[in-house]
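compute the structure for the input listed below.
(one chain, ligands or ions: 1)
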Amino acid sequence: MTTDTMRLFLDTAEVPVIKKAFSTGLLDGITTNPTLIMKSGRKPTEVYDELSDMGIRDISMEVVEDTTEGMFREASKLVNHFGDVATIKLPCTKEGLQACRELANQNVRVNITLIFSAAQAILAAKAGATYVSPFVGRLDDNSIAGLQLIKDIDEVFRVQCVHKTKILSASIRYVNSVSQSFANGASIVTMPPAVFDKMYNHVLTDKGLEIFDRDYAAIPK
Ligand code: G3P
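Take a look at the predicted model:
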């Protein structure tokens, strides 16, 4: 882990892409979901094994069972195999939050996903979640201000002194949403690799370098 604030996660299950991005030393974890695993064409545990072997210490692994018992069973298998590298990702449903409570009682990190309201974030915090994942981009897709939800959840958590549950801003489409998520109170932002790569870029950096290179070449040597 590079730092405890402004944690950056990649939202992908593409192992070679993750390997390259992690070599920068600027990333702190990975989030996956069934869609991302499906796109990778790999088995979930194969992907998690390779990421864990790479030294990644926080990997969100989503369970797919729909009963509390099933979720708890599936989560326990992952925790037994991956230890504290595993962050169990559960949906914000009654069953998911019940499983969250049981896992949190055993000190397992839980990421409650598919959060679209402050009310859901409150329930997840009450259930002992380590992370709540509001889906910024999907709210924006539906003409609801996603970044405002980060602010609303942060306000509730700050006023109510909620320290354990951190906001993990997800479904990120643009570089600007990364900085705005942090400014609005997120502790972690998970983003597609393309967004991470674009964080380096600014047209004035390129232009400035071009000028420095040109002027350096003109210095008598
Ligand atoms: O990790 C889940 C979330 O980030 C999904 O993003 O782009 O499918 O809305 P997206």
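
what's the pLDDT at residue 1?
On pLDDT, residue 1 comes in at 42.

kindly report the same for the one 5 residues further on.
Listed pLDDT for residue 6 reads 97.

how close does the nearest residue to it once chain neighbours are set aside get to residue 44?
Spatial nearest neighbour of residue 6, chain neighbours left out: residue 182 (5.5 Å); criterion: Cβ to Cβ, 6 or more residues apart in numbering. Using the backbone N, CA and C atoms, a C-beta is placed for each residue, glycine as well. Counting by Cβ to Cβ, to the nearest Å, the gap from residue 182 to residue 44 is 29 Å.

ok so, going back, in what helix or strand does the residue nearest to residue 6 lie?
helix 175-183 (DSSP states H and E).

that helix vs the ligand: in contact?
No - Helix 175-183 stays clear of the ligand (Cβ under 6 Å from any ligand atom), getting no nearer than 11.1 Å.

run through who's touching that helix.
Residues outside helix 175-183 that contact it (Cβ atoms under 8 Å, 6 or more residues apart in numbering): 6, 8, 136-137, 146-147, 150, 167, 169, 172, 189, 191, 195, 198-199, 201.

contacting residues for the closest residue to residue 140 other than its chain neighbours?
Leaving aside its chain neighbours, residue 140 sits nearest to residue 146 (4.6 Å; criterion: Cβ to Cβ, 6+ apart). Taking Cβ under 8 Å, 6+ apart, we find residue 146 in contact with 134, 135, 136, 137, 138, 139, 140, 171, 177.

and what about residue 96, helix, strand or coil?
helix (DSSP: H, G, I helix; E, B strand; the rest coil).

count the neighbours of it for me.
Residue 96 has 26 neighbouring residues, counting by other Cβ atoms under 10 Å.

nearest residue to it other than its sequence neighbours?
Counting by Cβ to Cβ, 6+ apart, the residue nearest residue 96 is residue 90, at 4.0 Å.

so the one you found sits against residue 109, correct?
No - assessed by Cβ atoms under 8 Å, residue 90 is found out of contact with residue 109, at 11.0 Å.

can you give me the pLDDT of the residue nearest to residue 96?
Residue 90 is given a pLDDT of 98.

swap in residue 167?
98.

just the pLDDT for the residue nearest to residue 140.
For residue 146, the predicted pLDDT is 98.

give the buried residues for the next helix-or-strand element following the helix holding residue 182.
Remark: after helix 175-183, the chain's next helix or strand is strand 188-191, criterion DSSP H and E. Across strand 188-191, burial judged by 16 or more other Cβ atoms under 10 Å covers 188, 189, 190, 191.

and if you look at stretch 93-101?
95, 96, 97, 98, 99, 100, 101.

widest-spaced pair of these?
95 and 101 (11.0 Å; Cβ to Cβ).

from residue 66, how far off is the spatially most central residue of the chain?
By Cα atoms, centre = their mean, the chain has its centre lying nearest to residue 190, at 3.4 Å. Applying Cβ to Cβ, the value for residue 190 to residue 66 is 24 Å.
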